[in-house]
Structure formats: structure tokens, C-alpha cells
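# Quick one, structure for this:
(chains A and B)
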Amino acid sequence: MVTELKAITVQTTNFGEIGIPPESVIHFSEGIPGFPRIHNFAILEFENIKPFQYLQSLDDPPIALLVVNPFLLCPAYRIDLQDADMEDLHTKNTGDVSVYSVVTMTADPAEATLNLMAPILINQKDRCGRQVILLDSPFRMRHPLFGPPECQRAENV
Amino acid sequence: MLVFTRKKGESLVIGNEIEITILNIGSGNAKVGISAPRHISVHRSEVYEAIKRENLAASKSQLPSPDVLKKLLQ
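Predicted coordinates for the structure are as follows:
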């Protein structure tokens, strides 16, 4: 999956030591809420957890957030990107931007949730990202992950 | 925390690019205007805190085994 020669090595909690090629590093200039000092991440993919992926911190602490393409699990999902968000992502082309939603697993996996209110946006070309909070979003911060296929909306958090 | 007393219409400047103006003062609430560069995100703190808590919870959550996952996704 990676070329060992020029890889950055990161010690992950769940997958041991992993090599990350420098071109896979994604820079979050503001960090993300809760982790303002983590600026470098990478998306990790593993065949046996598809369609889920990990947003792995390459800085300390070596946290990892489980993420998923929200459009796969919630086809009605939509986000309106503000000019400022696009500016921060250094692009004018929404086609450059990948959208990920953070998954929160619970003791009972059936109750796991998906954060549709604060998607993580990554400019795949420039390798930069940020987590945006959607203002006045009808989509929830705790959308049931394994709920009915149609997207549920709610008025509040 | 720095504490300032401001009258209606007065403002504060943070750094070189952020200005916070007290637009109106009512009974029990204040209307605040913020001028900041577009790349500075401004949020109601309760919303920001909720997202922060959710990220922290997500970072501690464990993925179920691939078998369980497969079953749940069906």
C-alpha cells in the first residue's frame, strides 16, 4: 500500500506501526475542534473495514477518527459550502473536495452515530482539510449510523 | 480572562484583523457584531463545544469487528 522508502512512520492505536507516504499527508491549519494542535492527518484505508476509513493524526496525540463518505449511508445528505470554506481549502472547484463524516461508535454498535452537522472536508489536490460546522443545518450531529436508509432530519442538535 | 466594560456602539480589536462591536444591550442579552477575515471561523460556543465533545468521543470509540460491521451494514 505504501512505499516504505520515503514513508513517515506513525504508531497507531489499532493497526500498529504504519508508513505514510509524504504525499498522503493532509494539512489542517486550524486543527479540528477538540484537537486544535493536530495539524497533520492521513486517511487510512483497510479492506476489511470498508466503507469506513480512519482519519489518522500524524502529530501527537496519535488519535484516529473513524470516518465514512456520508453520501454512501445517507443519499439525501447535502451540504452548502460557503465561499470562506472553499477559500480555506484553496480551491474554487467543489470537485477537488472530498467529504467525510466522523463516526462515533457506542458500546452497542447498533447505536453508533454519524456527525452530519460537522463534515470534514479535504482538498485532494492541495492536501489540505478542515472540519466545518454547518450553520442552520437540518442534519444532525448524531445521525443514527445503522438506521433506515433514508436520511433523518431534525431541528436541533 | 481579560475583562472590559463596553457601552453600546463601542468595540474591541483583537490582533490586527478582528473587531468585536457591542451593537445592542438588552435585559439579559447583548447583540455582538464581529468583523473578521473570512478564514476565521466564528461559532456560538455551545455549538462548537458540542462538536468538540463529539470529536473527543469519536476518537475514543472502537470499531466493532469486521464480522459485526458487515452484519450491521446489511
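
# Mind listing what's buried along stretch A:117-131?
For stretch A:117-131, a neighbour-count test (16 or more other Cβ atoms under 10 Å in any protein chain shown) marks A:117, A:118, A:119, A:120, A:121, A:122, A:123, A:127, A:128, A:129, A:130, A:131 as buried. Where C-beta positions appear, they are placed from N, C-alpha and C, glycine not excepted.

# What lies in contact with that stretch?
Outside stretch A:117-131, the residues that touch it by Cβ atoms under 8 Å, 6 or more residues apart in numbering or on different chains are A:23-30, A:32-33, A:41, A:43, A:55, A:67, A:70, A:79, A:81, A:85, A:88-91, A:96-102, A:132-134, A:137, A:139-141, A:157, B:51, B:54-55.

# Pick out whichever of the buried residues of stretch A:117-131 sits closest to chain B.
Proximity of these to chain B (Cβ to the nearest Cβ) peaks at residue A:118, which lies at 4.6 Å.

# where does that closest one fall, phi/psi-wise?
Here is the backbone geometry of residue A:118 (degrees, to the nearest 10): phi -130, psi 70.

# ok, it to residue B:47 distance?
Distance of residue A:118 to residue B:47, computed by Cβ to Cβ, to the nearest Å: 9 Å.

# Likewise for residue A:89?
21 Å.

# related to what we said a few turns ago, who touches both of residue A:118 and residue B:47?
In terms of Cβ under 8 Å, 6+ apart, residue A:118 and residue B:47 are both contacted by the residues residue A:133.

# How about the contacts made by residue B:38?
Residue B:38 is in contact with A:83, A:84, A:87, A:88, counting by Cβ under 8 Å, 6+ apart.

# Now do the SS call for it.
On the three-state scheme (DSSP: H, G, I helix; E, B strand; the rest coil), residue B:38 is labelled coil.

# For it, give me the pLDDT.
Model confidence at residue B:38, given as pLDDT, is 80.

# do the same with residue B:35
Listed pLDDT for residue B:35 reads 96.

# wouldn't it be in contact with residue B:16 here?
No: shown here, residue B:35 and residue B:16 do not form a contact pair, counting by Cβ atoms under 8 Å, at 11.8 Å.

# Looking at these two, which has the bigger crowd around it?
Neighbours were counted for residue B:35 and for residue B:16 using other Cβ atoms under 10 Å in any protein chain shown; residue B:35 has more, 12 against 6.

# Quick one: residues in contact with stretch A:39-58.
Under Cβ under 8 Å, 6+ apart, the answer for stretch A:39-58 is A:1, A:8, A:10, A:12, A:14-15, A:18, A:20, A:24-29, A:31, A:35, A:38, A:59, A:62-69, A:72-73, A:100, A:102-103, A:120, A:122, A:129, B:63, B:66, B:69, B:73.
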